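**Q** got a structure for you, letters missing:
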């Protein structure tokens, strides 16, 4: 699964984890969330390190904020997109929500729709 899909699924599982669910479903949601967080943390660290590298090569405005050129922004985006496109070896449990009585906004399930049954 692509890293971008993993991050989308993490956001959705985090939304599900805020809901009151049967204990077995809660356990599976928590397990999937933990698994995906383990991928998100190194991505965030890498992205922040990359941002710092670009900041150190930039000129600063009068307030000390970096000024990025269009080329720098394009290059940064390309490097981030390359990271997000990396395949990840991840095993997630399929969550069975068929017996849960939930009222959920569709966008909250968008990222994890491949990992739920309703």
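**A** Arrived safely, thanks for sending. These figures come from a predicted structure and were not determined experimentally.
**Q** use CA for all of it now, contacts and neighbours both
**A** Noted.
**Q** where does this protein dip in pLDDT?
**A** Scanning the chain for pLDDT under 70 picks out nothing.
**Q** go through it and flag its longest helix.
**A** Counting residues, the longest helix found in the chain (DSSP state H) is helix 23-56.
**Q** that helix: which residues count as buried?
**A** By neighbour count on 16 or more other CA atoms under 10 Å, the buried set for helix 23-56 is 25-26, 28-30, 32-33, 35-37, 39-40, 43, 47, 54-55.
**Q** ok, now stretch 88-103?
**A** Going by 16+ other CA under 10 Å, stretch 88-103 has these buried residues: 92, 94-95.
**Q** and these as a markdown table, adding distance to residue 61 and secondary structure?
**A** Shown next, in a markdown table, are the buried residues of stretch 88-103 (distance: CA to CA, whole Å; DSSP: H, G, I helix; E, B strand; the rest coil):
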| residue | distance to residue 61 | secondary structure |
| --- | --- | --- |
| 92 | 46 | coil |
| 94 | 49 | coil |
| 95 | 49 | strand |
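**Q** of the residues you listed, which is the nearest to residue 12?
**A** The closest of the buried residues of stretch 88-103 to residue 12 turns out to be residue 95 (CA to CA; 12.2 Å).
**Q** which residue sits closest to that closest one in space, ignoring its chain neighbours?
**A** Nearest non-adjacent residue to residue 95, counting by CA to CA, 6 or more residues apart in numbering: residue 116, 4.5 Å away.
**Q** residue 113 and residue 12, how far apart?
**A** 9 Å (CA to CA, to the nearest Å).
**Q** tell me how far the ends of stretch 92-108 are from each other?
**A** Terminal-residue distance, stretch 92-108 (CA to CA): 18 Å.
**Q** what does it rub up against?
**A** 11-12, 15-16, 21-22, 25, 28-29, 32, 35, 114-118 (CA atoms under 8 Å, 6 or more residues apart in numbering).
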